[in-house]
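1. Pasting the sequence and the predicted coordinates here, then a few questions.
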Amino acid sequence: MNIADINITDISTLVSVILATSVAGERLVTLIKTFAPSLEGPPGEVPDGSINQKTRKIVLMVLSFICCTVTAYFVGLINYIPDPKVPATAFKLNFWLLGLLATGGSAFWTNLLGYISAIKDVHKQAAAETKRKTDIRQEALERDNKAKLKTATTTVGFDVTFSGGVGSILIQINGLPDLNFNNDGHQQVDLPQGNYLYAVSGSAANGPGGGAVLTISGAITDSPQHFGPGVIVPAVHPLLVTIA
């Protein structure tokens, strides 16, 4: 495994495996000690007929290493590795190293695991705080964008030309004053972004060549519109206004 690829979760998983191996090894030592009373007894209280205290400590350390190494060997055999990022082959090939680490005692590895858990909690809190600040900035940005869209307007121009004689065109947009054309001309309105409906009615010159053309600029819509001679039947059309 590349050292650069190891994270706090990998370390926590590894320490958990070592801790479990240590606990199992200690239980195996306790079991063996029941068959060897001379190894029992707290420091300073050596039973009659037992080996001396220094030798007893050395024997217990060696016995602990052997028990933890045997346990580590079986851990490697059954591939008991919760995180797939920790390769089982490493424990199979180096079970003696896992046994040596586990010999440090379950109390040590328990404290170390608690320390690592505290670090993970700090990381989680820092990540949560960073996410909260990011969300706040994103919400503020979205509010600003919405406010800009509400205040921004686009100028929509309406141009009318008549042919074959005079005519009239009335353009009605909901919420706005009517636009009246009795001759060729141009009128414009400022509209915020959105969808609108407008109605066109009026009349064009009768006879051959009579007609009217309505051209709308500044918005995506059906333009230009051509009307023939005579009455222009009122019709409603969509008007999509976009902010450039």
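-> Done, it's in. Just so it is clear, the structure is predicted and the values come from calculations on it, not from any experiment.
2. Give the helix, strand or coil label for residue 175.
-> The assignment at residue 175 comes out as coil when based on DSSP: H, G, I helix; E, B strand; the rest coil.
3. Now residue 134: which helix or strand?
-> If you go by DSSP states H and E, residue 134 is part of helix 106-151.
4. Check residue 236 too.
-> Going by DSSP H and E, residue 236 is in strand 230-241.
5. Flag every buried residue along that strand.
-> Buried positions in strand 230-241, judged by neighbour count with 16 or more other Cβ atoms under 10 Å: 232, 237, 239, 241. C-beta coordinates here come from the backbone N, C-alpha and C atoms, glycine included.
6. picking up where we left off before, so how far is the helix or strand just after the helix holding residue 134 from its chain's centroid?
-> Sequence order places strand 153-163 as the next helix or strand after helix 106-151, per DSSP H and E. Once both centres are worked out by Cα atoms, centre = their mean, to the nearest Å, strand 153-163 turns out to sit 47 Å from its chain's centre.
7. Tell me which residues of strand 153-163 come out buried.
-> By neighbour count on 16+ other Cβ under 10 Å, the buried set for strand 153-163 is 154, 156, 158-162.
8. helix or strand right after the helix or strand bottoming out on mean pLDDT in the chain?
-> Least confident element among the helices and strands of the chain, by mean pLDDT, DSSP states H and E: helix 88-93 (a mean of 44). Next in sequence after helix 88-93, counting helices and strands by DSSP H and E, comes helix 95-102.
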